[in-house]
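> Make a model of this:
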Amino acid sequence: MAANPLPTPDSGVPPPRPAAPRLSPWEIVQLARHPQRPKAPDFIFHLVRDFTELHGDRLFRDDPALLAGIGWFEDQPVAVIGPYKGRDTKENLAHNFGMPNPEGYRKALRVMKLAEKYGYPVLSFIDTPAAFPGDEAEERGQAQAIAQNIMEMSTLHTPILVVITGEGGSGGALAMGVGDAVLMLQYAIYTVIPPEGCAAILWRDVSRAKEAAEALRLTAWDLTGLGIIDEIIPEPEGGAHQDPDAATAAVREALGRHLQAVKDVPIDRLLDLRYEKYRRMGRQMESLARG
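Residues are numbered from 1 along each chain as shown. A predicted model of the protein is given here:
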């Protein structure tokens, strides 16, 4: 399938795709979940200058599982969203293990609509196992909040760049994952369901999660081949946690290049390209199902 047909900067073509991994999909899952792997807030705080966090959805409360605000990327004002995962149990409990409630998605949408109003590009960093599945989240409209974000991002009148930095899980990731370019770190994952949940549903045996990881086609290489991901961002040898500064520099370079490519595209043309990008995904899935 053809790559995202956005113009490329004058500096040339994107860097070559990293070589296929020597690791199995299950081993890549473990790297994506590594406790010392840089989290979305790490990338945000290192890449976005003068970041100002915005709080609350103006309906219920502020969700500590989702970070959102405005700042400067290079010389461009931007709006930024991303789940807030912790590195240890205390941090994870404070931020609900990076699993947003509906008010988190509504906060993200509030910030994205603010970006649309002022013409700021949106940078979305994804690292969440899923949206929070608790009863209270469902009572407050979890599914509706996810669906609304997907709908609004599809027609948001400003550029959107998405970077999957760790886990991209289920609707929790999709609610932040509609973009003009979707980039993915080399050892991140992006999947409709975590391997453990897939194994429990298909075989009623969580111990078969490794087998499920193979079947889900959740690696960056799989997803690039399917036309879901536009570019794989290389990681340091052994994973991003081995050299967070190098991983951050790679993300900075890729974001800067793609932001340059989209910033002068007329918004009507950008929306047409965004629509066609996701229509192509549907046609690809149909052809795979028929095959």
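
> going forward, measure contacts and count neighbours with C-alpha atoms only.
Will do.

> Return the set of buried residues in stretch 84-96.
Neighbour-count burial for stretch 84-96 flags 84-86, 92, 95-96 (criterion: 16 or more other C-alpha atoms under 10 Å).

> Make CSV out of those residues and add pLDDT, distance to N149 and secondary structure.
Converted to CSV, these look like this (pLDDT from 0 to 100; distance: C-alpha to C-alpha, whole Å; DSSP: H, G, I helix; E, B strand; the rest coil):
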residue, pLDDT, distance to N149, secondary structure
Y84, 94, 18, coil
K85, 90, 20, coil
G86, 87, 24, coil
N92, 92, 24, helix
H95, 94, 21, coil
N96, 92, 20, helix
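
> Could you tell me the phi and psi values at the residue most central in space within the chain?
Residue closest to the average C-alpha location in the chain (C-alpha atoms, centre = their mean): I126, at 3.2 Å. Backbone torsions for I126, taken as degrees, to the nearest 10, come to phi -110, psi 120.

> and if you look at Y187?
phi -110, psi 30.

> quick one: contacts for it?
Contact analysis of Y187 by C-alpha atoms under 8 Å, 6 or more residues apart in numbering lists 28-29, 31-32, 166, 219-220, 235, 239.

> hmm, 10 Å instead?
Applying C-alpha atoms under 10 Å, 6 or more residues apart in numbering to Y187 gives the contacts 21, 23, 25, 27-33, 164-167, 219-221, 232-236, 238-240.

> can you give me the strands for the stretch 151-291 of the chain?
Ranges of strands in the stretch 151-291 of the chain, per DSSP state E, counting those that start in this stretch, are 160-169, 181-185, 189-191, 231-233.

> any idea how far D205 lies from Q30?
D205 sits 19 Å away from Q30, going by C-alpha to C-alpha, to the nearest Å.

> Tell me if I'm right that V80 and R110 touch.
No - with contact defined as C-alpha atoms under 10 Å, V80 does not reach R110; the gap is 11.3 Å.

> shared neighbours, the two?
68-69.

> These two: who's more crowded?
Using other C-alpha atoms under 10 Å as the criterion, V80 and R110 rank with V80 on top: 30 against 20.

> Just list the residues touching the residue lying closest to the more buried one once chain neighbours are set aside, thanks.
Counting by C-alpha to C-alpha, 6 or more residues apart in numbering, V80 lies nearest to L123, which is 4.8 Å off, once chain neighbours are set aside. By C-alpha under 10 Å, 6+ apart, L123 lies in contact with 44, 48, 68, 70, 73, 78-82, 112, 159-163, 176, 179, 255, 259.

> what's the answer for A246, then?
234-236, 240, 252.

> of these, closest to M151?
R252 (27.6 Å; C-alpha to C-alpha).

> Look up the closest residue to that closest one, ignoring the ones flanking it.
Here the residue nearest R252, using C-alpha to C-alpha, 6+ apart, is L47, at 6.7 Å.

> Can you verify my assumption that the one you found contacts V251?
Yes - judged on C-alpha under 10 Å, L47 makes contact with V251 at a distance of 8.7 Å.

> The nearest residue in space to F73 that is not next to it in sequence: neighbour count?
Residue nearest to F73 in three dimensions, not counting chain neighbours: V48, with 4.9 Å by C-alpha to C-alpha, 6+ apart. A count of nearby residues for V48, using other C-alpha under 10 Å, gives 21.

> next one: V192
When counting by other C-alpha under 10 Å, one arrives at 18 neighbours for V192.

> phi, psi of it?
phi -70, psi -20.

> Report the spatially closest residue to it, excluding sequence-adjacent ones.
S170 (4.3 Å).

> related to what we said a few turns ago, now intersect the contacts of A246 with the helices, please.
R252 (DSSP state H).

> Now rank the contacts of A246 by neighbours and give me the top one.
A240 (27 neighbours).

> Among the contacts of Y187, name the buried ones.
Looks like these have 25, 28-29, 31-33, 164-167, 219-221, 232-236, 239-240 buried, using 16+ other C-alpha under 10 Å.

> ok now do E138, which residues does it touch?
Contacts of E138 by C-alpha under 10 Å, 6+ apart are 101-102, 132, 144-145.

> Taking those together, which two end up most distant?
F132 and Q144 (13.3 Å).

> Now the common contact residues for those two.
102, 138.

> who's in contact with P100?
P100 neighbours (C-alpha under 10 Å, 6+ apart): 63-67, 82-84, 106, 128-133, 137, 142, 172-173.
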